[in-house]
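Novice: What follows is a predicted protein model with its sequence.
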Amino acid sequence: MVLTKEELIERLQHEVRILLHLVSKVDPSKLDYRPTPKQRSLLELLQYLTAFVPIHLRTIQAGVLDMEAWRDAWRVEEAAARQKNLAEIKESIGAQPDLFTKLVGSLSEGELRAEMEMFGNKASRGAWLVWMVLCHYVAYRMQLFLYLKACDREELGTLDLWAGVDSLGKTA
């Protein structure tokens with residue numbers, strides 16, 4: 001694997017720090033914002049951010065994609081996510097690093113290199129962790145950033161998006 005297990009966990013933790021910084025910029029009065037009628041609202045996007053990580057991490061840690069179990073997990077996590085308010089969303093996202101330590105940390109280097117199949121494609125479990133968790137964080141934090149900009153958070157910039165710090169260099 002290109003990254004060590006420790007580096008992967010560190011990168012995932014960094015994504016959570018950035019995400020929490022961006023979530024701290026959410027104006028609660030804008031939670032109903034949606035770019036178009038068929039896109040997620042800001043609240044729905046934030047709720048989704050609490051659901052995808054546990055599902056993907058548990059599937060990859062198990063090393064086998066059981067589609068029926070995966071769909072069941074989505075139904076349960078999505079239903080729970082839909083009930084979360086902004087404070088609960090922050091708490092849920094803030095707890096995700098514990099999952100990295102527990103689930104990714106439990107995998108040996110050999111298990112991270114072991115191949116598994118998901119959605120008709122084969123790759124190492126480490127590669128799936130990068131693609132299904134790390135890359136999803138990056139993609140969805142960009143979407144969150146763009147939602148925030150559309151909600152009049154014009155002061156947000158590159159440092160907010162990539163470093164999780166505001167223009168004064170303070171972390172949220």
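Specialist: Arrived safely, thanks for sending.

Novice: Any idea what the residue nearest to residue 123 when sequence neighbours are not counted is bridged to?
Specialist: Once flanking residues are discounted, residue 123 sits nearest to residue 115: 6.7 Å by Cβ to Cβ, 6 or more residues apart in numbering. Quick note: C-beta positions are derived from backbone N, CA and C, even for glycine. Assessed by DSSP bridges, residue 115 has beta-bridge partners residue 124.

Novice: okay, which residue is most central for this protein?
Specialist: residue 137 (4.1 Å; Cα atoms, centre = their mean).

Novice: quick one: the strands in the protein?
Specialist: Under the criterion DSSP state E, the chain contains strands at 115-118, 121-124.

Novice: How many residues are close by the closest residue to the residue nearest to the centre of the chain other than its chain neighbours?
Specialist: Leaving aside its sequence neighbours, residue 137 sits nearest to residue 15 (Cβ to Cβ, 6+ apart; 3.8 Å). Other residues near residue 15 come to 24 when the count uses other Cβ atoms under 10 Å.

Novice: And residue 105, by the same measure?
Specialist: Residues lying near residue 105 (other Cβ under 10 Å) number 14.

Novice: quick one, what contacts it?
Specialist: For residue 105, the contacting residues are 5, 9, by Cβ atoms under 8 Å, 6 or more residues apart in numbering.

Novice: how close does it sit to residue 36?
Specialist: 40 Å (Cβ to Cβ, to the nearest Å).

Novice: averaged over its residues, what pLDDT does the lengthiest helix in the chain have?
Specialist: Once the chain is assigned using DSSP state H, the helix that runs over the most residues is helix 42-62. On average, the pLDDT along helix 42-62 is 95.
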